[in-house]
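In: need coordinates for the below:
(one chain, ligands or ions: 1)
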Amino acid sequence: MTSVQTYQRPSSIEEAWRLLNEGGKSAKLVGGGVDVALFAPPEIIMLIDLADLPNRSIEMRDGELVMGAGVTLTELLESPLTAGYLDGIVATMLRQVASPLLRNAASVGGALASTHPWSDVITLFLALGARVTQYAGRLQTVLLDELLEGRGIIDRAIITEVILPVPADRTYVSFEKFVRTGFDVGMLNCACRLTMGDDGCEDVRIVFGGTPDIGHRLEAVENAVNEERLDQAAIESAAVLASEVIPARDDVRASADYRRVLAAVGIRRCFTRIAQRAGE
Ligand SMILES: Cc1cc2nc3c(=O)[nH]c(=O)nc-3n(C[C@H](O)[C@H](O)[C@H](O)COP(=O)(O)OP(=O)(O)OC[C@H]3O[C@@H](n4cnc5c(N)ncnc54)[C@H](O)[C@@H]3O)c2cc1C
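Out: Residues are numbered from 1 along each chain as shown. Predicted structure coming up:
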């Protein structure tokens, strides 16, 4: 941080974009500043603080939960609108992110743009089918899945808002995180979302993060659960399949073998909770 010479606080997205382009590789956007303060590389000489942009609202828009990129994780966690969205799953996840002090500073935009492989926010938002609006000379809204596939682009555009779609009737979501201590980042996290149809599960989305790679869908398990009833046998075979197909690797937090065991536990817990809520 000692290399920083200029601190800008633009009041419009256009101005922020102009500064970002002028600064090029030596400029960095600041959301809550949690990561920037810790990891800003030495070539950064200009910080562009987004705190004065009008991006702090949380609202329901045609049934979708829409949050500005500047909303802090605490504001999102405490919002009554968040509590009303899919049994408050976003708040359930956020309570497990970092510590209250860090959540008071960290922003929604920063939580996505930092693309931490163990991010709980990214894992859950992928399972929910989140869309992200970015400004890069013009506004554009894309699926979070697509944004992460093009990793890198996310760093040169300005995230303005995040949209969680209207859930179909009888849609259920569950999130599970495995940590050594309460404030630690996870050894693995998992989010499952499905709609309970008349003939079985529909639109199943299963995401694992911290594998140790960033949140990624396990399509083989999704396909195995789609159109099945969520009974004990289906949950068990999904758990076994997840432990086989998860792209687990060793790192400092956990071994690949341990992650495979956790993957099965994550699926069992998430789907058991969903089955109980759905009365299956
Ligand atoms: C000790 C610790 C524990 C943590 N534990 C967890 C955890 O358990 N689970 C979890 O999910 N996360 C965890 N985190 C990560 C934390 O959630 C992120 O550090 C935080 O969300 C970053 O948000 P920020 O607003 O402070 O980002 P910043 O530090 O402001 O920015 C981070 C990056 O995003 C870019 N950026 C910021 N805003 C925007 C925007 N609007 N558009 C485009 N780019 C932008 C910045 O240029 C920078 O590259 C932890 C972090 C720490 C330090």
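In: tell me the residues on the stretch 1-150 of the chain that lie near the ligand, please.
Out: Proximity of the stretch 1-150 of the chain to the ligand (Cβ under 6 Å from any ligand atom) is limited to residues 28-36, 38, 50, 69, 97-98, 102, 105-107, 109-111, 113-114, 116, 119-121. Every C-beta, even on glycine, is put in place using the N, C-alpha and C of the backbone.
In: how many residues are close by E14?
Out: 11 (other Cβ atoms under 10 Å).
In: now do G137
Out: Neighbours of G137 (other Cβ under 10 Å): 10.
In: what sits opposite the residue lying closest to E227 once chain neighbours are set aside in the beta ladder?
Out: With sequence-adjacent residues excluded and distances taken as Cβ to Cβ, 6 or more residues apart in numbering, E227 is closest to G200, at 4.6 Å. Here G200 sits in beta bridges with G197, going by DSSP bridges.
In: surely G200 touches L194?
Out: No. Checked against Cβ atoms under 8 Å, the pair G200 and L194 is beyond contact range at 9.5 Å.
In: between those two, what contacts are shared?
Out: Residues touching both G200 and L194 (Cβ atoms under 8 Å, 6 or more residues apart in numbering) are L230.
In: quick check: V162 touching V132?
Out: Yes. Applying Cβ under 8 Å as the test, V162 and V132 come out as touching, 5.5 Å apart.
In: any shared contact partners between these two?
Out: Joint contacts of V162 and V132 (Cβ under 8 Å, 6+ apart) are 112, 144.
In: still on that earlier bit, between G200 and L194, which one's more packed in?
Out: Per other Cβ under 10 Å, whichever of G200 and L194 has more neighbours is L194, with 27 against 16.
In: pLDDT score assigned to that one?
Out: On the pLDDT scale, L194 is placed at 98.
In: for it, grab phi and psi.
Out: Dihedral pair for L194: phi -160, psi 160, per degrees, to the nearest 10.
In: ok, it touching V225?
Out: Yes. In this structure, L194 is within contact of V225 by Cβ under 8 Å, at 7.0 Å.
In: from the chain's centre, how far out does stretch 130-138 sit?
Out: 16 Å (Cα atoms, centre = their mean, to the nearest Å).
In: contacts made by that stretch with the rest, please.
Out: Residues from elsewhere that reach stretch 130-138 (Cβ under 8 Å, 6+ apart): 13, 16-17, 112, 139-144, 147, 154, 156-165.
In: compute the first-to-last residue distance for that stretch.
Out: For stretch 130-138, the separation between the terminal residues is 20 Å (Cα to Cα, to the nearest Å).
In: low pLDDT regions in this structure?
Out: 1, 151-155 (pLDDT under 70).
In: which residue is it, in it, that comes closest to the ligand?
Out: Ranked by Cβ to the nearest ligand atom, the top residue of the chain for proximity to the ligand is G110, at 2.1 Å.
In: show me where this protein has its strands.
Out: For the chain, applying DSSP state E gives strands covering 6-8, 27-30, 46-49, 58-61, 64-68, 131-135, 139-143, 158-164, 171-178, 188-197, 200-209, 216-217.
In: and those, which is most packed in?
Out: strand 188-197 (a mean of 25; mean count of other Cβ atoms under 10 Å).
In: now for it, which elements pack on it?
Out: For strand 188-197, the packing partners by 3 or more Cβ pairs under 8 Å, 6 or more residues apart in numbering; DSSP states H and E come out as helix 120-128, strand 171-178, strand 200-209, helix 256-278.
In: elements contacting the longest one?
Out: On a contact count with 3+ Cβ pairs under 8 Å, 6+ apart, helix 256-278 meets strand 171-178, strand 188-197, strand 200-209, helix 232-245.
In: the first one vs the ligand: in contact?
Out: Think strand 171-178. No. Applying Cβ under 6 Å from any ligand atom, one finds strand 171-178 separated from the ligand by no less than 7.6 Å.
In: and the angle from that strand to strand 188-197?
Out: On the basis of axes from the mean of the first three to the mean of the last three Cα atoms, to 10 degrees, strand 171-178 is oriented at 170 degrees to strand 188-197.
In: show me the domain layout of the protein.
Out: Residue ranges for the domains of the chain, per automatic domain parsing: 6-49, 58-164, 171-278.
In: report the distance from the last one to the chain centre.
Out: The one in question is domain 171-278. From the chain centre to the centre of domain 171-278 is a distance of 15 Å (Cα atoms, centre = their mean).
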